[in-house]
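**Student:** Give the three-dimensional model of this entry:
(one chain, ligands or ions: 2)
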Amino acid sequence: MMKNIVLISIVVALLFCSCNRNKTDGSQHPAITAQMAFEGVNNYCHSQYDWSAAADNPSMMSVTMGDETDAEYEVIFRSYTGALVHFHVDKATGKTRMVESVPTLGVDSTLGTIDILDYIGKAKPTIHIYRYGTFPEAKAKQLKAVLEKVYSSVSLADEAIELPADCYYKPRDRYRGTGLLDDLRKLRHGGYALGLTNKIIYYENEISPTFGIFGISYMGDRVSVISSLRPKTLQPLSDEDMEELMLHELGHAFGLPHCKDERCMMVDAEHGYKFAQTQSFCPSCKNYLTTKGWTLP
Ligand SMILES: [Zn+2]
Ligand SMILES: [Zn+2]
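**Tutor:** Residues are numbered from 1 along each chain as shown. Ligands and ions are numbered 1, 2, ... in the order given. Sure, this is the predicted structure:
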């Protein structure tokens, strides 16, 4: 599932690049900066290689800058096997030669050529935050500030938006989560939409047709909604839990499924309203989000 999503996003990125190139019609590629060379190679390596070996030991795999000449940058990928791939990025054109070397065997082999511009992200899609109803503005600003630490393009709508009346279930004073997601879908503006509410949201499951939940997202479909109330006790979430909930749901919106690692924020809450043991993503979830433009510590 995740592989498919990753593949789809690569195809989309390639399409964007070729559209763009058509528009500039015959003009030269812009000169490549060292930052662009690194970003392109890093994105390429995260999309092409299996990083799961680095899940328990992130230092086993890496992308680092190498030597620089007048004509090219060198960026080096180190695999967990010890093999190295040297990317020689032409500063003028972005054409990048890939040479694999296996130090223990003393063998170098050319792997081919890529265009680094195909792997450099376009302007980052924005995460648009919306306050539903009377969700406090100060709290929304606080969540925005937390999100900005890990994702650089975030906006918060000035005006609160109305909770859709057709999603309201009066007997239990709660709103249908998928209805709110459908509402938020219209507000993505090419990026992501995150709704904040201080009402209970529900989802039909095997326990109840109006089962209260913390938050809900359409996986990979760029929308999430979260509630500031604990559905069982109706007590407000602590700031810390609310922040973690936000990052968890956005992880889904960006395409991440639940994670088995108990210390990872993408762990399943399993109706038990449990939160992960630490407020961070595991290396594998982190690697995935990094390819989506997150900057996680
Ligand atoms: Zn989840
Ligand atoms: Zn994880």
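**Student:** just the helices in the stretch 101-250 of the chain please.
**Tutor:** 137-148, 177-185, 239-253 (DSSP state H, counting those that start in this stretch).
**Student:** Any chance of these in a markdown table with mean pLDDT as columns?
**Tutor:** Putting these into a markdown table (pLDDT from 0 to 100) gives the following:
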| stretch | mean pLDDT |
| --- | --- |
| helix 137-148 | 97 |
| helix 177-185 | 96 |
| helix 239-253 | 95 |
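**Student:** Just send those back as CSV, with mean neighbour count and distance to residue 91 too.
**Tutor:** Where you see a C-beta, it was placed from the backbone N, CA and C, and this is true even at glycine. Putting those into CSV (neighbours: other CB atoms under 10 Å; distance: least, CB to CB, whole Å) gives the following:
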stretch, mean neighbour count, distance to residue 91
helix 137-148, 15, 32
helix 177-185, 20, 42
helix 239-253, 20, 36
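**Student:** Nearest to residue 46, out of those helices?
**Tutor:** Of all these, it is helix 239-253 that lies closest to residue 46, at 16.2 Å by CB to CB.
**Student:** Show me what the closest one is packed against.
**Tutor:** On a contact count with 3 or more CB pairs under 8 Å, 6 or more residues apart in numbering; DSSP states H and E, helix 239-253 meets helix 137-148, strand 192-197, strand 215-218, strand 223-227.
**Student:** average pLDDT for the second one?
**Tutor:** For strand 192-197, the mean per-residue pLDDT is 97.
**Student:** the inter-axis angle of it versus helix 137-148?
**Tutor:** 150 degrees (axes from the mean of the first three to the mean of the last three CA atoms, to 10 degrees).
**Student:** which parts of strand 192-197 are buried?
**Tutor:** For strand 192-197, the neighbour count (16 or more other CB atoms under 10 Å) marks 192-197 as buried.
**Student:** And the last one, by the same measure?
**Tutor:** Within strand 223-227, the residues scored as buried using 16+ other CB under 10 Å are 223-227.
**Student:** What parts of this structure come near ligand 2?
**Tutor:** 259, 261, 264, 266, 282, 285 (CB under 5 Å from the ion).
**Student:** Tell me how many other residues crowd the fifth one.
**Tutor:** Using other CB atoms under 10 Å, residue 282 is surrounded by 21 other residues.
**Student:** thinking again about what came up before, I'd like the helices and strands packed on helix 239-253 as JSON lines, with distance to residue 99 appended.
**Tutor:** Shown next, in JSON lines, are the helices and strands packed on helix 239-253 (distance: least, CB to CB, whole Å):
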{"stretch": "helix 137-148", "distance to residue 99": "39"}
{"stretch": "strand 192-197", "distance to residue 99": "38"}
{"stretch": "strand 215-218", "distance to residue 99": "42"}
{"stretch": "strand 223-227", "distance to residue 99": "42"}
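**Student:** rewinding a little: CSV for the helices of the stretch 101-250 of the chain, including distance to residue 201?
**Tutor:** Listed next are those as CSV, based on distance: least, CB to CB, whole Å:
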stretch, distance to residue 201
helix 137-148, 16
helix 177-185, 4
helix 239-253, 11
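**Student:** in the stretch 101-250 of the chain, which ranges drop under the pLDDT threshold?
**Tutor:** Scanning the stretch 101-250 of the chain with the threshold set as pLDDT under 70 gives 121-123.
**Student:** By proximity to ligand 2, which residue of it wins?
**Tutor:** When scored by CB to the ion, the stretch 101-250 of the chain has residue 248 as its residue closest to ligand 2, at 10.2 Å.
**Student:** State the distance from the closest residue to residue 146 other than its chain neighbours to residue 109.
**Tutor:** Nearest residue to residue 146 in three dimensions, chain neighbours excluded: residue 243, at 4.9 Å (CB to CB, 6 or more residues apart in numbering). Distance of residue 243 to residue 109, computed by CB to CB, to the nearest Å: 47 Å.
**Student:** Then residue 232?
**Tutor:** 59 Å.
**Student:** If anything else comes up later, I'll come back, but that's it for now.
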